[in-house]
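>>> Here is a sequence with its predicted model. Questions after.
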Amino acid sequence: MLWRYVLHYPFPLDEEKMQDAATRFVGSHDFASFAASTGSEEDDRERSTIREIYSTELVRSADNEELVFTVRGRSFLRYMVRKIVGTLLDVGRGRLVPDDIDKLFEIRDRSKSGPTVPPQGLCLVSVEHQEAFRGD
């Protein structure tokens, strides 16, 4: 039953390069290369694709069976995390190198980043607010 909740990739990956690439997402960047369209050209022109990522971590699970990617950020664009994971997989496969991440921020072309992976394994762990919500 676990297969429903993880992205299965049965081939070797260069995890060291993937970890290097994952660190490059930290900071404030233009994530246009990692975002889906809103479905409206007008909305796409008006929206900001600048987002801030606080931290990323790519580690093996305790049982060494899974590779777990954790990302913390201020906010995310539609499919952004799924595109980031697809891009990390492309780094692990050797289709991209870690230095390509910086280039992807610059070119703002979604077709040049990795694929949008399916949602299996994607899990929202928490939402944090600096101020407590007040329902006045």
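Received, thanks. Numbering: from 1, shown residues only.
>>> Name the next helix or strand downstream of the helix or strand harbouring residue 84, please.
Per DSSP states H and E, residue 84 falls inside helix 80-93. Using DSSP H and E, the helix or strand that follows helix 80-93 in sequence is helix 100-107.
>>> Which parts of stretch 100-112 count as buried, going by neighbours?
100-101, 104-105, 110 (16 or more other CB atoms under 10 Å). (Each C-beta comes from the backbone N, C-alpha and C, glycine too.)
>>> Include pLDDT and distance to residue 23 when you put those into JSON lines, please.
Formatted as JSON lines, the buried residues of stretch 100-112 follow (pLDDT from 0 to 100; distance: CB to CB, whole Å):
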{"residue": "100", "pLDDT": "97", "distance to residue 23": "14"}
{"residue": "101", "pLDDT": "97", "distance to residue 23": "9"}
{"residue": "104", "pLDDT": "97", "distance to residue 23": "14"}
{"residue": "105", "pLDDT": "97", "distance to residue 23": "14"}
{"residue": "110", "pLDDT": "90", "distance to residue 23": "22"}
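>>> Run through the neighbouring helices and strands of the helix holding residue 84.
The contact analysis (3 or more CB pairs under 8 Å, 6 or more residues apart in numbering; DSSP states H and E) places helix 80-93 against helix 15-23, strand 67-73, helix 100-107.
>>> Report the separation between residue 128 and residue 56.
16 Å (CB to CB, to the nearest Å).
>>> Which one's more surrounded, the two?
Neighbour count, other CB atoms under 10 Å: between residue 128 and residue 56, residue 56 has more, with 19 against 7.
>>> Just the element for the more buried one, please.
Applying DSSP H and E as the criterion places residue 56 in strand 50-60.
>>> Given that strand, what are its sheet partners and their directions?
strand 27-30 (antiparallel), strand 67-73 (antiparallel) (DSSP bridges).
>>> Buried residues in that strand, which are they?
When burial is assessed from 16+ other CB under 10 Å, strand 50-60 yields the following buried residues: 51, 53, 56, 58.
>>> same question, stretch 23-34
24-25, 29-34.
>>> now for the residues you listed, which pair is the farthest apart?
Using CB to CB, those reach their maximum pairwise distance at 24 and 32, which is 15.7 Å.
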